[in-house]
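> Sequence and computational prediction follow.
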Amino acid sequence: MAISLTERAAGEVKRIMQDQKVETEMFLRVGVTGGGCSGFSYALQFDKAYDEKADSRYDIHGVPVVVDKKSALYLDGTTVDFYEGLEKRGFTFENPNAVRSCGCGSSFQA
């Protein structure tokens, strides 16, 4: 499996989907885009466009997740978590393929 979500991250995704009244046929798309201070940026969004040839689909703790196969090369083994503390709040990525990350954790170099 290219990625995993912790139970805490899955719970936050479900909460957001419910709060924003996201359509039931939509899923969480996890990907990588070019840019950021380290070369690549992580991308999370709700989507309903699925291409069987270009995407892989998973169900992780009850959350439908889709990763395009190009992003999967950079995300293999990545764990998405949700952190909530006094100094910050948001999704975090633990990526074993990252050789360098920026200070905010939203971009990386592979």
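That came through, no problem.
> separation between the residue nearest to the spatial centre of the chain and G85?
Residue closest to the average C-alpha location in the chain (C-alpha atoms, centre = their mean): V30, at 3.7 Å. The spacing between V30 and G85, counted by C-beta to C-beta, to the nearest Å, is 22 Å. Every residue, glycine included, has its C-beta placed from N, CA and C.
> now V32
Using C-beta to C-beta, V32 is found at 26 Å from G85.
> which of the two has more neighbours?
Of the pair V32 and G85, V32 is the one with more neighbours under other C-beta atoms under 10 Å, namely 26 against 6.
> contacting residues for that one?
If you count contacts by C-beta atoms under 8 Å, 6 or more residues apart in numbering, V32 has them with 40-43, 70-71, 74-75.
> for R57, same thing?
Shown in contact with R57 (C-beta under 8 Å, 6+ apart): 27, 50, 64-66.
> What is the neighbour count of E25?
8.
> which of the contacts of V32 has the most neighbours?
Counting neighbours by other C-beta under 10 Å, L75 leads these with 26 neighbours.
> Can you check what pLDDT the model gives that residue?
According to the prediction, L75 has pLDDT 93.
> Please apply the same query to the one 4 residues further on.
What the model reports as pLDDT for T79 is 96.
> Contact partners for the closest residue in space to it that isn't next to it in sequence?
Of all residues not flanking T79 in the chain, E94 sits nearest, at 4.5 Å (C-beta to C-beta, 6 or more residues apart in numbering). E94 is in contact with 78-79, 81, counting by C-beta under 8 Å, 6+ apart.
> 10 Å - rerun?
4, 6, 77-81, 105 (C-beta atoms under 10 Å, 6 or more residues apart in numbering).
> which non-adjacent residue is nearest G62?
Closest residue to G62 apart from its sequence neighbours, by C-beta to C-beta, 6+ apart: A10 at 6.5 Å.
> what's the burial count for the one you found?
A10 sits with 20 neighbouring residues when counted by other C-beta under 10 Å.
> Dump the helix or strand hosting it to PDB, restricted to CA.
Element membership of A10 [criterion: DSSP states H and E] is helix 7-19. Taking C-alpha atoms only, helix 7-19 is exported to PDB below (Å, rounded to 0.1, in the frame of the first residue of the first chain):
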ATOM      1  CA  GLU A   7      -7.000   6.500  13.100                       C
ATOM      2  CA  ARG A   8      -6.700  10.100  14.300                       C
ATOM      3  CA  ALA A   9      -6.200  11.300  10.700                       C
ATOM      4  CA  ALA A  10      -9.100   9.200   9.400                       C
ATOM      5  CA  GLY A  11     -11.300  10.500  12.100                       C
ATOM      6  CA  GLU A  12     -10.500  14.100  11.200                       C
ATOM      7  CA  VAL A  13     -11.200  13.400   7.500                       C
ATOM      8  CA  LYS A  14     -14.600  12.000   8.400                       C
ATOM      9  CA  ARG A  15     -15.300  15.000  10.600                       C
ATOM     10  CA  ILE A  16     -14.400  17.400   7.800                       C
ATOM     11  CA  MET A  17     -16.500  15.400   5.300                       C
ATOM     12  CA  GLN A  18     -19.500  15.600   7.600                       C
ATOM     13  CA  ASP A  19     -19.000  19.300   8.500                       C
END
